[in-house]
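Undergrad: sharing a model prediction with you, sequence too.
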Amino acid sequence: MEKVQAAVRTGPSKTEFREYPMPNVPDDGALMKVEVAGICGTDVKLYKQPPSSAPVIMGHENIGYIAKAGREFTRRKGLKEGDLVFPEHYVTCGQCEWCHAGQYRHCKLTDWRFNPDAIRYGYTSANRAPHLWGGFGQYVFLPWNAVLHKVPAGLSPELAGIVTPMANGIEWALFDAQVGYASTVLIQGPGQQGLSQVVACKQAGADLIIVTGTAKDAKRMEVAKLLGADHVIDVQKEDPLERIMSITAGQGVDVVLDCTAGAGTAPILLAVDTLKRKGGTLVVQGEMNEFPNFPLGRITVKYITIKCARGHSYKACELALQQLASHRFPLEAVTTHTFGLKDADLAIKSVGGEGVPDVIHVSLMPWM
């Protein structure tokens, strides 16, 4: 029987290489040959501190070719064998109010934190048949309720591999924060999400884009300017509030997009101070367990709207693929490193700043 090779997380910062049986493909299912599995900051966190002891094939930013598809799957999805596709990491129920509203990222079946039966690429236990629920393997199983996007012609699998952060950037900056023509924006954190939001804001017509980071982000700051940021600020070398107010002639910004992934209270406090006096918007990404002396008074006086980032929508993914296919921005500068399956451990640690230096986005290629 043919076997599928996969890198499996079996404990904190521990990877084992395992074989799984090649699954039978049902009439309403398919099998995708993985070309690229992107690695992001969430992978770094889940690798260090897994939410459970179950073995998991990580990888939720996946691009690949449909290797085998059932007749009903082909009819439903409008896709065929050989098509290059992007499966979102959400696997929906298709029945709840959120799914019917097109907001399936809120569907209970995708919520691995609270639902033990949830199916989500890169998060679901490999013990669950047919086992192939992550991109750190040669194949991924596609059930009838997988959410798929066809990759536009002329877009390479490697560049398409950054569609997830790009979709997040579009969702959070354009849909959540309503960044548009003549907006002034502060983006905190020049990682994959922050750089994607630089592109989204620039494309939307923002007048001013400021990006903050630290000394370790020097290379990423260079890429931020390449993608259209007007100013970059190393918060360890200069007072960010003073510099932002100087840049904006004391006016502050319309929108703050916090992409520091729960790096403490300082980015939130800076956001509150730098937003304009009335009606600014703050979008927060990441988790923060405690916030002593939360500045509610300043937030209410300034009439600040706070929103929490939560994944991406179908429309954001389609727009992200179109953006990548347009080649309008030099996004190849974001896809900095490529690793084979045998180097999965090093690849994850490199994204977390503990392996290969100057990594922004990693492409894990199982067949390399």
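TA: Perfect, I can see it now. Residues are numbered from 1 along each chain as shown.

Undergrad: ranges for the helices of the stretch 101-250 of the chain?
TA: Along the stretch 101-250 of the chain, the segments classed as helices by DSSP state H, counting those that start in this stretch run 157-160, 163-170, 192-204, 218-227, 240-247.

Undergrad: how far away from the center of its chain is the third one?
TA: Spelled out, that is helix 192-204. 12 Å (CA atoms, centre = their mean, to the nearest Å).

Undergrad: for that helix, packing partners?
TA: On a contact count with 3 or more CB pairs under 8 Å, 6 or more residues apart in numbering; DSSP states H and E, helix 192-204 meets helix 163-170, strand 184-188, strand 208-213, helix 218-227, helix 314-326. (C-beta placed from N, C-alpha, C; glycine too.)

Undergrad: Serialize these to JSON lines and add fields for mean neighbour count.
TA: Output for the helices and strands packed on helix 192-204, formatted as JSON lines (neighbours: other CB atoms under 10 Å):
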{"stretch": "helix 163-170", "mean neighbour count": "28"}
{"stretch": "strand 184-188", "mean neighbour count": "28"}
{"stretch": "strand 208-213", "mean neighbour count": "25"}
{"stretch": "helix 218-227", "mean neighbour count": "19"}
{"stretch": "helix 314-326", "mean neighbour count": "19"}
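
Undergrad: CSV for those, including distance to residue 349 and mean pLDDT?
TA: Formatted as CSV, the helices and strands packed on helix 192-204 follow (distance: least, CB to CB, whole Å; pLDDT from 0 to 100):
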stretch, distance to residue 349, mean pLDDT
helix 163-170, 19, 96
strand 184-188, 24, 98
strand 208-213, 20, 98
helix 218-227, 17, 97
helix 314-326, 27, 97
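
Undergrad: include distance to residue 235 when you put those into TSV, please.
TA: Putting these into TSV (distance: least, CB to CB, whole Å) gives the following:
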stretch	distance to residue 235
helix 163-170	21
strand 184-188	9
strand 208-213	5
helix 218-227	11
helix 314-326	28
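
Undergrad: of all the ones you listed, which one is nearest residue 366?
TA: Closest approach to residue 366 among those is made by helix 163-170 (17.3 Å; CB to CB).

Undergrad: ok so, going back, out of the helices of the stretch 101-250 of the chain, nearest to residue 89?
TA: Of all the helices of the stretch 101-250 of the chain, helix 163-170 comes closest under CB to CB, at 7.6 Å.

Undergrad: can you list the domains in the chain?
TA: 3-162+334-365, 164-308 (automatic domain parsing).

Undergrad: minimum distance to residue 314: which of these has it?
TA: Closest approach to residue 314 among the domains of the chain (CB to CB): domain 3-162+334-365, 6.4 Å.

Undergrad: avg pLDDT for stretch 105-120?
TA: Mean pLDDT, computed over stretch 105-120, is 87.

Undergrad: so what touches it?
TA: Under the criterion CB atoms under 8 Å, 6 or more residues apart in numbering, residues 51, 60, 89-93, 96, 98-99, 104, 123-124, 128, 133, 143, 310-313 lie in contact with stretch 105-120.

Undergrad: buried residues in that stretch?
TA: Within stretch 105-120, the residues that count as buried by 16 or more other CB atoms under 10 Å are 105, 106, 107, 109, 110, 112, 118, 119, 120.

Undergrad: cool, stretch 90-110 as well?
TA: Buried, per 16+ other CB under 10 Å, within stretch 90-110: 90, 91, 92, 98, 99, 103, 104, 105, 106, 107, 109, 110.

Undergrad: what stretches of the stretch 201-350 of the chain score poorly on pLDDT?
TA: The model of the stretch 201-350 of the chain has pLDDT under 70 over residues 262.

Undergrad: distance-wise, check the residue most central in space within the chain relative to residue 130.
TA: Nearest to the geometric centre of the chain sits residue 165, at 3.5 Å (CA atoms, centre = their mean). For residue 165, the distance to residue 130 equals 28 Å [CB to CB, to the nearest Å].

Undergrad: do residue 267 as well
TA: Residue 267 is 42 Å from residue 130, by CB to CB.
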